[in-house]
Every structure is written in structure tokens, then in C-alpha cells.
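In: sequence and computational prediction follow.
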Amino acid sequence: MSHDGCRFKMAADNLPSEFDVVILGTGLTESVIAAACSRVGQRVLHLDRRNYYAGNWASFTFNGLLSWIDEYKTQQEVLNPELEQGWRDKIEEGEDVLCLSSVESSISNLEVFSYASEEPEEEEVVKVAAVNSLPKDSDAQAKEPRGSTTEDQDTVCRDDSTPGDDEPQHQEPEYKLTSDTQEPHQSEEYEKEQEPISNQVESPIEMKRKITYAKLVKEGRRFNIDLVSKLLYSRGLLVDLLIKSNVSRYAEFKNVSRIVTCRTSKVEQVPCSRADVFGSKQLTMVEKRMLMKFLTFCLDFEQHPEEFQEFSEKSFWEYLRSKNLTENLQHFVFHSIAMVNQETLTEEGLKATQHFLQCLGRYGNTPFLFPLYGLGEIPQCFCRMCAVFGGIYCLRHSVQCLVVDKESGKCKAVIDTHGQRISCSHFVVEDGYIREEQRTRAVNRHISRAVVITDRSVLPSESDQQISLVTVPPLEPSSPAVRMVELSSSSMTCMPGTYLVHLTCSSSGSAREDLAPVISRLFHVPSCPGEEPAQGSEEIEKPTALWVMYFNMRDTSSLDSSCYSLPSNVHVCTGPDASLGHDYSIKLAESVFHQLLPDEEFCPPAPNPEDIIYDGNGAQVEGPGFDEAGLAEGVGTEGNSGLQQNNQPAEGMEPAESSGSVAQGTTSELEVPTKE
Amino acid sequence: MAGGSVSECKEYLFKVLVIGELGVGKTSIIKRYVHQLFSQHYRATIGVDFALKVINWDSKTLVRLQLWDIAGQERFGNMTRVYYKEAVGAFVVFDVTRSSTFEAVSKWKHDLDSKVKLANGSPIPSVLLANKCDQKKDGSNNASLMDNFCKETGFLGWFETSAKENINVDEAARFLVENILLNDKGLPYEESNGDRIKLDREAAPAESKSGCC
């Protein structure tokens, strides 16, 4: 139990008793709704029963993930002891009660396999011990789930069963920071720095250092392992929303640097941009022309209905086979560009291809972006925006039941897990909090997921910092197509020297049944921890799986409001869905928002903090120096009439506006407008 | 600045957190420092993430200091990771007239250290601010006790500040920035972050944050 449990107790008692919107669950959809409501002045209370943000969208440090796994295994109800605490006396005449579920049930079939060597990892401990006189509380600190991730917001109740976890190596006791204890921010550099100290090179033959389990634990904070694996289409709804709302200021991205496919047993790069196609060594000259011609057609296929009309009732696959394309090219287009299945109709396949092509080149050579520090950042970015506009956040804090007015049939209040009654006009809730009794239809779709930590890329290249989307067509006709995202350490989701691989497909069996065949096809899976492939075997060519986790996540994306019997002002957020992009969740958020507030704009741009000007004492462009005043940009408070926007910083100021209607360009601001 | 004509000019962007209990004067300190403003009447901080102060540190160094205030929700202690990530320094603020806010300091510090670290795993440099010193009743804060406290808790140092009377705010900031700059010696920042993408700059990926030339 961490100290955090009681730290804010006093404050928590002061939770206001009235909000416009209470939102339960901090996944992407709920968080977007929270930001959108707060942004237009609604009083938002945003809760999550978990002790971390983002729910099923969360990302964890390695150690945080181990705790999450433990929690799953013990199936503990996070708020169990507080449940059922006297809410009955809070219910008045003419009111009904509708209880929510307190049990987490969206994850199933969780299995973990560790293949990394179990040798101890010792060298750096010695170094620290030598320096050391630990400050008093750092023993306690060392037992904290470490990691710069705050998903393990407070208690993740580590019971330190993992080797190496007790070592206080990250609790550098010195706060006099001299430059020689400092290492550069960049993680690759860090690895270099460490090398002289580390004697971990076990095998004299191989230069590559073996990564032990203890090392994964020790470097655990460098991992940000997402439960959901998706990418952002560079012209998808999520990117548009991030830009439009200015929430983009909280995130940075990496371009997915290549698209890779696995055909028969060969792993190869898919040429998708014009440059790729012409630069490709795999394609013949004739193929290059064929592919370019076909892709050019797809870009504006609507203009040439004659080209595909006769296939309008037929599948895209059949259509492709009718075109003048080699088998190779059919494979690329079908599996890696359109990314559709055998049932997909021609027009839909063409649309998917077109969307892919339209997204090329906006930010890079592939259509996709990945957020630094993992996808779990994105819901938190929206939460931050909500908070900045006054939204109140409580984790490990849930709702026991809804208070429903018998006459109107509407939810008028909720009773939280501290027994407090909180009135609200709307209640928004993640599907996972809904009890079976409130469902009119059962959910039986699932997503199969695997997370693999490996020691090298499935397709080594000049750069060891590729971020790859790997499409794996069905290995057997009956098995699912699998989508794989391979992340390098530059994505800030894994420690240098490792790759974090996410596999996703719609379930046909358990996650392990669906995905283990793909994993053993692409990776060397040791027969026991630390085992290395025999020299000369086929296995030696493959990256080694150091650690594998399988789980299924319930896929509620096929449900709509007709699937629940709930008051009309209770809005359920379903998802995440199994697809690669985020359109499903963003569309849902926007539609819920418009049900709540039909006349309000969805996520208008937040004022740029650097554009907000106080009072009007002259916007001095260049700070004369440290000790002098005169910076124009800065903090403002909504409702303060001195708040102004400065869109053209070097010139005068715009007249004051209330920030609710601050006009602002969405995409054109410079980061630091006062600079010439 | 100055048109970027100084050929060896180095430009830094530092994210600095300002944390502490409700009402200790975090926003006041930021406003004092950045805008030279003080007002008695701040309510919860709404609509604003951070304030920017540009410092001509010396003839070769330009520092852009982003001071991140905590938003209204933080009184419940649930900051998003967005708040903490990539911060390189912090002020922890308490109110000398309310001892409970001082008692919360070590919790805030502990929380800070568990949530953000420098790339090498050590805590980010942090400075303790004993704010509202203009209202102090007498010498209730014993300096050597405070020195010891800082040492034990892992602060670089402490300052008695008053946002209202503009006491020590600039000095504290200068002290913190000095220490951040020490950490940053030889940081290959531009290179390492060159291919990071910010979405608000349409079709202009890969602009590094620093490097003004």
C-alpha cells in the first residue's frame, strides 16, 4: 500500500456535490468526451476505478505491467472494501437505484511466458552501493513501482517477487548533480554509457549482449507497454481532432518508418510510396509500372467507375486478381495497403487503398504515426486538456450506483464509492462498468493480443530504430490475419537493445491459439529461459522472444445504445475495436458529445498558452534578460477579461475576447510566437 | 534570438513543474516570474497549461523555460503523465503561514521522484520554495533545519520567496536553471529528437526543439 492512498483524503472529502457531467472510465472515448465537455464550460467529474489512467487503453512500464498481471490473476476488485457502503439512506422517495459492476471482466485468457535468461544482473548495483548513503525514505521509494510512467498512479502494490526489484539502483541518492553523473536524454546514448560498466557479455562469440530478465525488470521504466495496439492514420479522425483541439501540444509522434509483410516465410518491406516503388529492389521494372499505374488509379478511383463497376458485387480480392498485377503485387495491395479480408467488397477495398495513399507523405513515408511513450498517452492528453479547463480527476474512485428519477426515468445523480451523492445531468460510462442485467445483448466478440519483447528486428536494416507495421496474412486459410507493430526504443516504449512487438487480430480462439503460431513463425521461442538457437539452424536468423504475454480483450464495438437498458441520459462508451485506426472511438465520442450538448462545438481549439496575454501592458517581443520583466506570453485565467489572444505576436494585440470563443488558427501557430 | 545571427547561440527548452498544495501560491509565483504581475485573486487555474519565460542566459545561451502549473484536478493528486513527462526541473512550493503545506512537501517530492526521472534514472533537480515569506510571523523557519530537510529529501536547495513582494523569485529560478544547464552539458538534443513529429506544424515534420541557427 502506498502513501498515496490517504494523501489526498482530506481533499477527496471536498468533492463538489454537483456536476454537469460525470464520466466513469478514462479510456480514449471517455477522455475525448471529458475534454470536449470541459472545454465548452461544462463542470466535469472524471473518475476511474483503476489506479491508473486510460483503462484498457493504458500503457505500463514493465514492472507496472507485472503488477497489472498480478492483479488480473488475483481478480481483485480494486475497490472492494469500500463497496456497498451505505448508499441506501441517500435515496429519496420517487427514486430508483441502478447498480454498476465493480468487477473487471473485459480481459481474459491472460498468459505470460518468460524466455529471457534468469541469470542475475548485478554489475550496476555494485556501483550504486559504492556511492551511497541513501536518504531516509529511499528504501520506501525503492519499493515503489518505479517508472516515469504514472499509469501506476500510486499503489501498484508491488510485492517485489521479481528478482532485482529491491535494488535501489534508480534511487540515485545524490542530488548534487554533477555533469559526470549525467547522461544524455537520449536512450541510445544511455546504453553506450552503460556498456563500460556492464560485464554482461556472456558469450564471447557474439558481440550482442544477452538481455536477462533481471535487466528487463531493472530497465522496466523504459518500457511503455500498451494494452491496445493501434496506429494513427495521418489523415484520420484522431489526428484531425488532435490538431483541431490543440491537444496535439501534449504529444509527440514518430512516423512509422516502414511497412513489412510476411509472405510464405519471407519477411520483406512493402513499397508503398512512389519513392519506395521506384527504389524497390524486390520489384521488376514491369512490376513497378503496374503498381504505380494501379495505385494512381486508386487515388481517384471514383472518377473511373468503368474500371470496377462489374465487380461491385464481388470481393476486392477477386477484383485484384482480375487486374494486371503479379501475385506479389496482389499480396502487397491486399494485405499491406488495403489491409482488408477476403469478404471485403471491391469498392470498400478501393476506398481503403485510397485512404492509405491519401495519408502518405503528410508526415513521412508511410501513412501512420505512433505516439512517443505509447498509445496510452493519448487518452491522458485529453484528460489533461479537460483538467486545464477545470475538470476534476479522481482515480481509484468509482460509482456504486445511479440514482434514477422514477417519473422521468432519467439518471439524476450518482453515488460514488465513498458514499457521496453527486448530482449530474449526464452520466457517461465505459462499457466495462455495466452489469449483465442492463444488457439486452451479450458480447461475444474479442480481440486477441500478444506482446513480445525481442532482441532484434524481424527485418534488420541499416537503422536499428525502425518502427514497422508488419502485416501477416492468415497462415492457414482458417486462421486470422494478424497485424503486428514492431517498436524500437526511439519510440520510448522499450529499453535500448530490445524491440516491443504488439500482435493484434480479431479472435477466433484464445489469444494464444490465434497468435502463438505467428510468434513461432517469426521469432525464436526458446525452449527454456536463456536457451539460444543452435548454430546453423533456421532459428538463428530470427529475433529471440524474451518475454511474451497473451490476452483477450472484449470487443464491444458492435454494440449500440439499443444493447443496454439504461436511462436516456446515460451514455455507454464501447470499444476499443480491433481495427488499426481510431475512427471508431473518435466518431463515438463526437456523437455522444452531440447528444449531451447539441448546440456546442466539439473540441474547439484551446488557446495556446504562449499566445495568452495579460492585461495589455504591451507585448514585449524579446525578453531583455533574466532579471527583467516583459515577457508577453503566459498564464491566464478563463473569465479574466484581460485574457487575450495574440496571433500575430510581433504586432499589436487583438482585442480581448472571452476565451470560450477565442478565435485561433488550428494548425498554423508557431510554437513560440514571440520569436521573430 | 536577434535574428539568430549569433552563430554559436545555443537554445534550450526546459520544462519545469511547479507543484505543492492548494493555495500555496504556485500560480502567483509563475505570474510574478513570467509577467511581473501579482494579484490576490486567483481562482483555480483554468484554461492554461504553462507559461513561457525566455531567458537570455548569456551571450551564447538562450533558455526557454516552460513553467507547468498544475490544473484544477491536482488537488486530488491525480496528475496525468502528460504533466510530468520530459520535465527537467521542479519547484515544490509551500506556504510558510500554513504548516500543513510544509508537511505535504516530502510527499510531493516523493511523488515527483517516482513519476519522472532524468534519462539516467536520477531524480530531476528540484528546489523548495517557502512562499509568502512576507507574511511570516517570526523566524519560525530555522535555516539550518531547512538545509537539513533539503538534504534529506533531495532538494538542491531552498528559497524564502514572496510572489507578492517579489522576493527571491528570480533568484530561485536562476538557481534551478543553473542546475538544469549542468545536467544538460553535451546533450545531443537536436540530433536525438530530430525525427519527432509535432502535429501542429502541418507538413513540417522533424523540426528540432532547439538550435536557433
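Out: Everything's here; your move. Residues are numbered from 1 along each chain as shown, chains lettered A, B, ... in the order given.
In: C-alpha only now, for contacts and for neighbours.
Out: OK.
In: identify the bridge partners of A:Val452.
Out: For A:Val452, the residues forming beta bridges with it (DSSP bridges) are A:Val501, A:Val548.
In: an error on my part: the question was meant for A:Cys411.
Out: Going by DSSP bridges, A:Cys411 forms beta bridges with A:Val404.
In: per-residue pLDDT, it?
Out: What the model reports as pLDDT for A:Cys411 is 98.
In: who touches stretch A:319-333?
Out: Contact partners of stretch A:319-333, identified using C-alpha atoms under 8 Å, 6 or more residues apart in numbering or on different chains, comprise A:261, A:270, A:287, A:290-291, A:308, A:311, A:334, A:339, A:346, A:353.
In: the lengthiest helix in chain B packs against which elements?
Out: Taking DSSP state H as the criterion, chain B has its longest helix at helix B:169-183. Counting contacts by 3 or more C-alpha pairs under 8 Å, 6 or more residues apart in numbering or on different chains; DSSP states H and E, helix B:169-183 packs against helix B:26-35, strand B:126-131.
In: hang on, the earlier thing: in PyMOL, select just the buried ones from the contacts of stretch A:319-333.
Out: Buried residues among the contacts of stretch A:319-333 (16 or more other C-alpha atoms under 10 Å in any protein chain shown), as a PyMOL selection:
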select buried, chain A and resi 261+270+287+290+291+308+311+334+339+346+353
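In: where along chain B do the strands fall?
Out: B:10-20, B:50-58, B:61-68, B:89-95, B:126-131, B:157-160 (DSSP state E).
In: touching chain A at all, the last one?
Out: Looking back up the chat, that one is strand B:157-160. No. Shown here: strand B:157-160 not in contact with chain A (C-alpha under 8 Å from any C-alpha of the partner chain), separated by at least 9.7 Å.
In: out of the helices and strands packed on helix B:169-183, flag the one nearest A:Lys210.
Out: strand B:126-131 (36.2 Å; C-alpha to C-alpha).
In: first to last residue in stretch A:562-571, what's the distance?
Out: End-to-end span of stretch A:562-571 (C-alpha to C-alpha, to the nearest Å): 11 Å.
In: and the contacts of it?
Out: With C-alpha under 8 Å, 6+ apart, stretch A:562-571 has contacts from A:404, A:409-411, A:425-429, A:438-441, A:561, A:592, A:596.
In: out of those residues, list just those in strands.
Out: A:404, A:411, A:426-429.
In: just want the most central residue of chain A.
Out: A:Leu375 (1.7 Å; C-alpha atoms, centre = their mean).
In: so that one touches A:Ser59, yeah?
Out: Yes. The criterion here is C-alpha atoms under 8 Å, and A:Leu375 meets it with A:Ser59 at 7.0 Å.
In: shared neighbours, these two?
Out: In contact with both A:Leu375 and A:Ser59: A:Asp226, using C-alpha under 8 Å, 6+ apart.
In: got a pLDDT number for residue 136?
Out: I'll assume chain A. On the pLDDT scale, A:Lys136 gets 40.
In: my question was about chain B
Out: On the pLDDT scale, B:Lys136 gets 82.
In: what's near enough to touch it?
Out: B:96-97.
In: mind checking how far the spatially closest residue to A:Gly530 that is not a sequence neighbour is from A:Leu216?
Out: Nearest residue to A:Gly530, sequence neighbours excluded (C-alpha to C-alpha, 6 or more residues apart in numbering or on different chains): A:Ser117, at 3.7 Å. Taking C-alpha to C-alpha as the measure, A:Ser117 falls 10 Å from A:Leu216.
In: same check on B:Asn56?
Out: 42 Å.
In: more neighbours, the two?
Out: The residue with more neighbours, out of B:Asn56 and A:Leu216, is A:Leu216; 23 against 19, by other C-alpha atoms under 10 Å in any protein chain shown.
In: A strand includes that one, no?
Out: No. The assignment for A:Leu216, made by DSSP: H, G, I helix; E, B strand; the rest coil, is helix rather than a strand.
In: report pLDDT for it.
Out: So A:Leu216 comes in at 96 (pLDDT).
In: so it sits against A:Phe62, correct?
Out: Yes. Using C-alpha under 8 Å, A:Leu216 is in contact with A:Phe62, at 7.3 Å.
In: helices and strands of chain A: which one bottoms out on pLDDT?
Out: strand A:644-645 (a mean of 34; mean pLDDT, DSSP states H and E).
In: and chain A, what are its domains?
Out: A:15-104+A:373-443+A:558-596, A:273-359 (the TED database).
In: buried deepest among these, which one?
Out: domain A:15-104+A:373-443+A:558-596 (a mean of 21; mean count of other C-alpha atoms under 10 Å in any protein chain shown).
In: distance of A:Glu219 from chain B?
Out: 9 Å (C-alpha to the nearest C-alpha, to the nearest Å).
In: so who does that residue touch?
Out: By C-alpha under 8 Å, 6+ apart, the contact list for A:Glu219 reads A:Met495.
In: let me have the helices and strands packed on helix B:169-183 in CSV, adding mean pLDDT as columns.
Out: Listed next are the helices and strands packed on helix B:169-183 as CSV, based on pLDDT from 0 to 100:
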stretch, mean pLDDT
helix B:26-35, 88
strand B:126-131, 97
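In: how near is the residue lying closest to the residue nearest to the centre of chain A once chain neighbours are set aside to A:Glu310?
Out: Spatial nearest neighbour of A:Leu375, chain neighbours left out: A:Asp226 (6.3 Å); criterion: C-alpha to C-alpha, 6+ apart. Using C-alpha to C-alpha, A:Asp226 is found at 43 Å from A:Glu310.
In: pull stretch A:102-109 out as CSV, backbone CA atoms only.
Out: Provided in CSV are the C-alpha atoms of stretch A:102-109 (Å, rounded to 0.1, in the frame of the first residue of the first chain):
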residue,chain,number,x,y,z
SER,A,102,-17.4,-3.5,-9.7
VAL,A,103,-15.7,-6.4,-11.3
GLU,A,104,-13.3,-6.1,-14.2
SER,A,105,-14.2,-8.6,-16.8
SER,A,106,-13.0,-7.4,-20.2
ILE,A,107,-9.7,-9.2,-20.1
SER,A,108,-9.4,-12.9,-20.3
ASN,A,109,-7.0,-15.8,-21.2
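In: show me how far it is from its chain's centre.
Out: Computed by C-alpha atoms, centre = their mean, to the nearest Å, the separation of stretch A:102-109 from the middle of its chain amounts to 19 Å.
In: equivalent analysis for stretch A:101-117, please.
Out: Using C-alpha atoms, centre = their mean, the offset of stretch A:101-117 from its chain centre is 18 Å.
In: pretty sure A:Val247 contacts A:Cys381?
Out: Yes. A:Val247 is within contact range of A:Cys381, at 6.4 Å (criterion: C-alpha under 8 Å).
In: helix, strand or coil for the nearest residue to A:Leu588 once chain neighbours are set aside?
Out: Excluding the flanking residues, the one nearest A:Leu588 by C-alpha to C-alpha, 6+ apart is A:Thr29, at 6.9 Å. Following three-state DSSP, A:Thr29 is assigned to helix.
In: report the contact partners of A:Thr29.
Out: A:379, A:573, A:585-586, A:588-589.
In: can you list the low-confidence ranges for the chain?
Out: In the absence of a named chain, this looks at chain A. Where chain A drops to pLDDT under 70, the residues are A:1-13, A:76-86, A:121-209, A:609-676.
In: actually chain B
Out: In chain B (pLDDT under 70), the answer is B:1-7, B:39-48, B:72-77, B:138-141, B:185-194, B:201-213.
In: might you report the residue contacts of residue 17?
Out: Since no chain was named, I'll use chain A. A:420-423.
In: wait, chain B was what I had in mind.
Out: Contacts of B:Leu17 (C-alpha under 8 Å, 6+ apart): B:67-69, B:83-84, B:87, B:89-91.
In: cool, and A:Tyr115?
Out: A:525-531, A:545-548.
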